[in-house]
Structure formats: structure tokens, C-alpha cells
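Colleague: what shape does this take:
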Amino acid sequence: MALKIDRELVLASSSPSRKMLLEQAGLTFEVVVSGVDETVPPDYTPAQTVETLARRKGEAVLPLRPEKPIIAADSVVSIDGLILGKPKDDEAAKDTLRRLSGRTHEIFTGVCLLANGKRDVFRMSTQVKFYPLTEEEIAEYVAMGESRGRAGAYGIEGIGVVLVESICGDYSNIVGLPVAETIRRLHRLLAR
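Modeller: Model prediction:
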């Protein structure tokens, strides 16, 4: 297997983090945002949620770029079986960080790959343990603005890295896309 894919891809996501990961991997791609409805039934597990949304995003973009391989993804942060969305404001971000403080949570990412009339949908999970956080640390981090628009109210690829005591699993999955697994599966899909 080659490390690179020598075709232009489509990233069906507006996520700057996913864009950064694909650029770091040396891939050539264009961004085409799906704009799909991201609601799922309330009884969906985190795994079902990310797989469903990744598939929905990929299938929405496919008619727009049927000739190119498509990567679509969705990620959620989960603790105690609950999905922690993007905080609506700074107070909600502080509440989320209090919940994560000193505990282990999971990042689930669903990926949908579409190429040559074939589809591969999979998910990965990575465990993240936070250090116990003081109220001062939480307030300082939220004041930096990095919590805004972030599921789980933090970004590990930024200043949020100082909140993390340990991880178990794929680091890039936490950022938003399990890059190595995605490239390997895409190679297999393109070879069929």
C-alpha cells in the first residue's frame, strides 16, 4: 500500500480540523459541504449517530462529485453514554469541562468512503482522560475562546492539549478523522 492517494479527493465536511489532517497527510482534495440535516433519533448510540451522519453527508455530496472519491465524517464526544454537543455559550462550555474533569470520555468518529460505485462506512473510538481541572483552569480555558463551536468544549490540537492526561487510541480520531485507517480503507476501496 502506498502512503498517498494520487487522485484528487472530496472532503464532505467544513471542519477545519479534518482539512488540516488531510493536508498533513499530503492528500489533494477539495471541500464540498453537504449541508445535510444532522438530527438523529434520540435513542441512537454515539456509534450509530456518527455512522449515520457520515453516511448522510457522503451520500449528499456524491451526486455533486460522482467521479471523485469522497471522504465524509462526523465526530461526537461521549461520556456516561451521553453525547456532548457543541456548547451554546461559555457557561455551557464550563459545565461540559466540569463534567469531563478528572474523567475518561470517548471520541467517536464515523467515516463514509465512496468511490467507484462502492461504499465503506466505519467508526473509531478513542478514549481521552482529563486531568482534574480547577474552576480557575476551566474559566481560563473557556476565556481563550477555544471551546466555542467544539464538541466537548475543547480542541486537543490547540491549547486544550494541556487538559489531557492520557489517550488510548488514535490521536487523529480525536481531532476529527482517523487518518491512517481512512487512507488504508480508501486504498482498498479504490483497488476493487
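
Colleague: just checking, Gln48 touches Ala54?
Modeller: No. Using Cβ atoms under 8 Å, Gln48 is not in contact with Ala54; the gap is 11.0 Å. For the C-beta atoms, the positions are set from N, CA and C on the backbone; glycine is no exception.

Colleague: if you count surrounding residues, which of these two has more?
Modeller: Taking other Cβ atoms under 10 Å, Gln48 and Ala54 do not tie; Ala54 has more neighbours (25 against 15).

Colleague: residues touching that one, list them.
Modeller: Neighbouring residues of Ala54 by Cβ atoms under 8 Å, 6 or more residues apart in numbering: 72-74, 110-112, 121, 123.

Colleague: show only the entries of those residues found in strands.
Modeller: Residues of these located in strands (DSSP state E): 72-74, 110-112, 121, 123.

Colleague: can you list those residues in CSV and add distance to Ala92 and neighbour count?
Modeller: Output for the ones in strands among the contacts of Ala54, formatted as CSV (distance: Cβ to Cβ, whole Å; neighbours: other Cβ atoms under 10 Å):
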residue, distance to Ala92, neighbour count
Ala72, 27, 28
Ala73, 24, 26
Asp74, 21, 28
Gly110, 24, 26
Val111, 28, 27
Cys112, 29, 26
Val121, 31, 17
Arg123, 26, 20
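
Colleague: which one of these is nearest Glu23?
Modeller: Ranked by distance to Glu23 (Cβ to Cβ), the ones in strands among the contacts of Ala54 are led by Ala73 at 15.0 Å.

Colleague: dump the residue contacts of the closest one.
Modeller: Neighbour list for Ala73: 12-13, 15, 18, 50, 54, 57, 109-112, 176-177 [criterion: Cβ under 8 Å, 6+ apart].

Colleague: try it again at 10 Å.
Modeller: The neighbourhood of Ala73, defined by Cβ atoms under 10 Å, 6 or more residues apart in numbering, consists of 11-13, 15, 18, 21, 50, 53-54, 57-58, 109-113, 123, 173, 176-178, 182.

Colleague: restricted to strands, list those.
Modeller: Reading strands off the contacts of Ala73 with DSSP E, I get 11, 109-113, 123.

Colleague: which of these sits closest to Val162?
Modeller: Thr109 (22.5 Å).

Colleague: from Gly85, how far off is that closest one?
Modeller: Per Cβ to Cβ, to the nearest Å, Thr109 is found 15 Å from Gly85.

Colleague: which one's more surrounded, those two?
Modeller: For Thr109 versus Gly85, the count of surrounding residues by other Cβ under 10 Å is larger for Thr109: 27 against 14.

Colleague: in the protein, where is pLDDT below threshold?
Modeller: Where the chain drops to pLDDT under 70, the residues are 1-3.
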